[in-house]
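Engineer: below are the sequence and a predicted model for it; my questions follow.
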Amino acid sequence: MAEPLVFLPGMMCDARLFGPQIAALSPDCAVTVAPVTGGDRIEEIASGLLDVLPRKFALAGLSMGGIVAMELLRRAPERITRLALMDTNALAETPQTAADYEPLIIKLKAGLLDQAVSAIMRPDYLAPGSERATVLHTVTKMAENIGAAAILRQARALQRRRDYQPSLRACKVPTLVLCGEYDTLTPLRRHEHMAGIIPFAELAVIRDAGHLPTLEAPDAVTAALRAWQRQPLVLQTRADA
């Protein structure tokens, strides 16, 4: 049996984000979806997760979940057997982009959850097509389940996140960098850069998908994850290759 697989969902998302992948992959490995709501700093969220996750595990994070995954890699690289970073961003916020969270935070404090969801997940972040409305509806339902208070903490955590490029350069496990071709929130060029600085990374671009490819093109994402799971754990360094 493959090593345990831990999924980390994006901002205001729950296990439904990975529903198709859980159904497809759970017959072959233990699958866990861990929440990314346990603090108002990325470091605090990661610290809490390390207390409850398996001793060693494969780790796949999407969007904010990918940022928390990079913090877990920074803190405990010896516990992570392989890494998948999906539609995410390794860079810290600039002062301007950090300030851009404030109108969202005001909406969340006022209990205007619907307006906050619309601001966080705009339709143009997803691929065009008939499925866009269905995916957005699922996001709304997930956000209602997470709740405004937890989403507010997530916004604060993202505001304060660090630059994870040094951690990625030091990564020594098989890594999948995956991006939907229509993702305008965390676009392809950022994923190309991440894949370029990680020693053992492979880049997968998912057609007909945007920022949430696990829901928009679930079969393609599952196939990419299966290929990633089959990669050997013991890899030569580039110097020895």
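Structural biologist: Received the coordinates, thanks.

Engineer: what's the top helix by length along the chain packed up against?
Structural biologist: Once the chain is assigned using DSSP state H, the helix that runs over the most residues is helix 132-146. Packing partners of helix 132-146 (3 or more C-beta pairs under 8 Å, 6 or more residues apart in numbering; DSSP states H and E): helix 113-120, helix 213-216. All C-beta spots, glycine's among them, are computed from the backbone N, C-alpha and C.

Engineer: which parts of that helix are buried?
Structural biologist: Residues of helix 132-146 classed as buried: 132, 135-136, 138-140, 142-143, 146 (neighbour count, 16 or more other C-beta atoms under 10 Å).

Engineer: and for stretch 198-214?
Structural biologist: For stretch 198-214, burial by neighbour count (16+ other C-beta under 10 Å) applies to 198, 200-206, 209-214.

Engineer: of those residues, the lowest pLDDT goes to which?
Structural biologist: Minimum pLDDT across the buried residues of stretch 198-214 is recorded for F200, with 88.

Engineer: give the contact list for that one.
Structural biologist: 171-175, 235 (C-beta atoms under 8 Å, 6 or more residues apart in numbering).

Engineer: ok, which stretches of the chain are strands?
Structural biologist: Remark: strands assigned in the chain by DSSP state E are 5-8, 31-33, 57-62, 80-86, 175-180, 201-206.

Engineer: partner strands of the longest one, parallel or antiparallel?
Structural biologist: Its sheet considered, strand 80-86 pairs with strand 57-62 (parallel), strand 175-180 (parallel) by DSSP bridges.

Engineer: can I get the CA coordinates of stretch 125-134 in CSV?
Structural biologist: In CSV, the C-alpha atoms belonging to stretch 125-134 read as follows (Å, rounded to 0.1, in the frame of the first residue of the first chain):
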residue,chain,number,x,y,z
TYR,A,125,-10.4,32.5,-11.8
LEU,A,126,-12.1,29.3,-13.2
ALA,A,127,-12.1,27.9,-16.7
PRO,A,128,-14.9,29.1,-19.0
GLY,A,129,-17.8,26.7,-19.6
SER,A,130,-21.0,25.3,-18.2
GLU,A,131,-19.3,23.8,-15.1
ARG,A,132,-18.2,27.1,-13.8
ALA,A,133,-21.5,27.9,-12.0
THR,A,134,-21.6,24.4,-10.4
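
Engineer: that stretch: which residues count as buried?
Structural biologist: Using 16+ other C-beta under 10 Å as the test for burial, stretch 125-134 gives 125-127, 132.

Engineer: which of those sits closest to A119?
Structural biologist: Using C-beta to C-beta, Y125 is the member of these that lies nearest A119, at 11.1 Å.

Engineer: pretty sure P174 sits against A227.
Structural biologist: No - using C-beta atoms under 8 Å, P174 is not in contact with A227, being 10.1 Å away.
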